[in-house]
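Following is a predicted model, sequence given first.
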Amino acid sequence: MNIKSFIKKFMSIFLIINMLGCGISLILQSGLGSDAITLLNEGIHLKLGVNYTVAGLIYNGILLLLALLLNKKGLGLGSCVYVLLAGAFIDLYTYLLLNFNIESLDIIIRNISFLMGHILMCGGFAMLIKFDIGMSPLDAILIHIENNFNYSYKVLKTITDILFLILGVFLGGNLGFGTLFSILCTGTTISIFSKLISTSKKVYFSNI
């Protein structure tokens, strides 16, 4: 891979991580309850008194070690950037959105914020999976299980989200309607986005 190709690939990953950070921040700012992963990170954030950047590094670091053992081929530059920067972008967009005070706005605006965040987050994870640039550590683990034990990604994601919800609530995370919605819909939404991403895009990014 030459320097130009590396820069193009890194910029693509950088934009996707921005997308994920913005999406998760919109979910948090809606005050309707976060997705299960964010709920777990919120629990780590509250329990240990650290920001989302550090909480994300703890969560992703543990999963990255497991992913390296199970599905090293599923990891790549995108995985490293996600692990290192996802939490930082959540903190950044949370700071940028504070002035809008979304949580105090009309319930319709809060629902729109949540749904926009859900779409951005699921779209970002789908891109990491389908563009062959290195998926998140959790997705690398789930894809490995799907390929070797014939369980669908949607089912595995739902089970994982339930486990993360229980642990996140135990650690003090904020459980809300949005959390239950995410548990039921995140796996399906990511699968839908994965199917919508064109084969040409996958080939383009895998050849960068």
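Here it is on my side, so go on. Numbers count the residues shown, from 1 in each chain.

can we go C-alpha only for contacts and neighbour counts from here?
Noted.

looking at this protein, which helix or strand does the model trust least?
helix 199-206 (a mean of 52; mean pLDDT, DSSP states H and E).

Show me where the chain has its helices.
Ranges of helices in the chain, per DSSP state H, are 3-30, 36-48, 52-70, 77-97, 107-130, 137-149, 153-171, 177-196, 199-206.

Now do the longest one against helix 177-196, angle only.
Spelled out, that is helix 3-30. With axes from the mean of the first three to the mean of the last three C-alpha atoms, to 10 degrees applied, the angle from helix 3-30 to helix 177-196 works out at 150 degrees.

tell me what helix 3-30 is packed against?
Applying 3 or more C-alpha pairs under 8 Å, 6 or more residues apart in numbering; DSSP states H and E, we find helix 3-30 packed against helix 77-97, helix 107-130.

Now those in JSON lines, please, with extra columns for mean neighbour count, distance to Thr189 and mean pLDDT.
Converted to JSON lines, those look like this (neighbours: other C-alpha atoms under 10 Å; distance: least, C-alpha to C-alpha, whole Å; pLDDT from 0 to 100):
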{"stretch": "helix 77-97", "mean neighbour count": "20", "distance to Thr189": "20", "mean pLDDT": "85"}
{"stretch": "helix 107-130", "mean neighbour count": "21", "distance to Thr189": "6", "mean pLDDT": "90"}
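
What sits closest to Lys154 if chain neighbours are left out?
Of all residues not flanking Lys154 in the chain, Gly187 sits nearest, at 4.5 Å (C-alpha to C-alpha, 6 or more residues apart in numbering).

any idea how far the one you found lies from Gly31?
Using C-alpha to C-alpha, to the nearest Å, we find Gly187 at a distance of 21 Å from Gly31.

residues in contact with stretch 157-170?
Residues outside stretch 157-170 that contact it (C-alpha atoms under 8 Å, 6 or more residues apart in numbering) are 36-37, 39-44, 142, 175, 179, 183-184, 186-187.

Let me know the pLDDT of Asn2.
The model reports Asn2 with a pLDDT of 68.

change the start of the numbering to 39 and stick with it
Okay, using 39 as the starting number, the last item reads as Asn40.

picking that back up, farthest-separated two in the contacts of stretch 195-208?
Greatest spatial distance among the contacts of stretch 195-208 (C-alpha to C-alpha): Leu180 and Leu213, at 23.9 Å.

Compare those two and say which one has the larger neighbour count.
Taking other C-alpha atoms under 10 Å, Leu180 and Leu213 do not tie; Leu180 has more neighbours (23 against 19).

still on that earlier bit, any idea which of the helices of the chain is most buried?
Comparing the helices of the chain by mean neighbour count (mean count of other C-alpha atoms under 10 Å), helix 74-86 ranks first with a mean of 23.
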